[in-house]
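Trainee: Sequence first, predicted coordinates after that:
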Amino acid sequence: MGETLHTIERVQNFVQQFGEEPFFERTLRKMLDYRTEQYDRELKEIEEDLRLFEQQYDLSTAAFLKEFQAGRMGDDMDFLEWASLHRMKRRIQARK
């Protein structure tokens, strides 16, 4: 991450010194758009997996999490995976 921040600082310094550069703006926008699309694909896959758990157990993810966090669901592998998928979804949403 340090190298990335260093590169961003160099671009920022360049823009401050020489003005806006359409190439940098276009390239950065494309990179961000590409990463956003990746996040969208990952979220779609995770949401499908969550939906399958909801159907299988006839329980919304929100209701499951409430019961799971209260210790009323046990440590079944499905429940651990379900909770993990939800955490992954939240992390991706925060990044996006």
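Mentor: Done, it's in. Since this is a predicted model, take the numbers as computed values, not measurements. Residues are numbered from 1 along each chain as shown.

Trainee: Flag the shaky bits of this protein, pLDDT-wise.
Mentor: Scanning the chain for pLDDT under 70 picks out the ranges 1.

Trainee: can you pull the buried residues of the one helix or strand residue 50 maps to?
Mentor: When secondary structure is defined by DSSP states H and E, residue 50 falls within helix 22-57. With burial defined by 16 or more other C-beta atoms under 10 Å, the residues of helix 22-57 counted as buried are 42, 46, 49-50, 53-54. Placement of C-beta: from N, CA and C, glycine included.

Trainee: so what does the host helix or strand of residue 12 touch, helix or strand wise?
Mentor: Taking DSSP H and E as the definition, one finds residue 12 inside helix 2-18. Contacts of helix 2-18 with other secondary structure elements, assessed using 3 or more C-beta pairs under 8 Å, 6 or more residues apart in numbering; DSSP states H and E, are made with helix 22-57.

Trainee: Could you figure out how far the helix it packs on is turned away from helix 2-18?
Mentor: Between helix 22-57 and helix 2-18, the angle comes out at 140 degrees (axes from the mean of the first three to the mean of the last three C-alpha atoms, to 10 degrees).

Trainee: Tell me the helices and strands packed up against the helix holding residue 50.
Mentor: Contacts defined by 3+ C-beta pairs under 8 Å, 6+ apart place helix 22-57 against helix 2-18, helix 61-69, helix 77-95.

Trainee: buried residues in the longest one?
Mentor: Which is helix 77-95. Of the residues in helix 77-95, 79, 82-83, 85-86, 88-89 count as buried by neighbour count, 16+ other C-beta under 10 Å.
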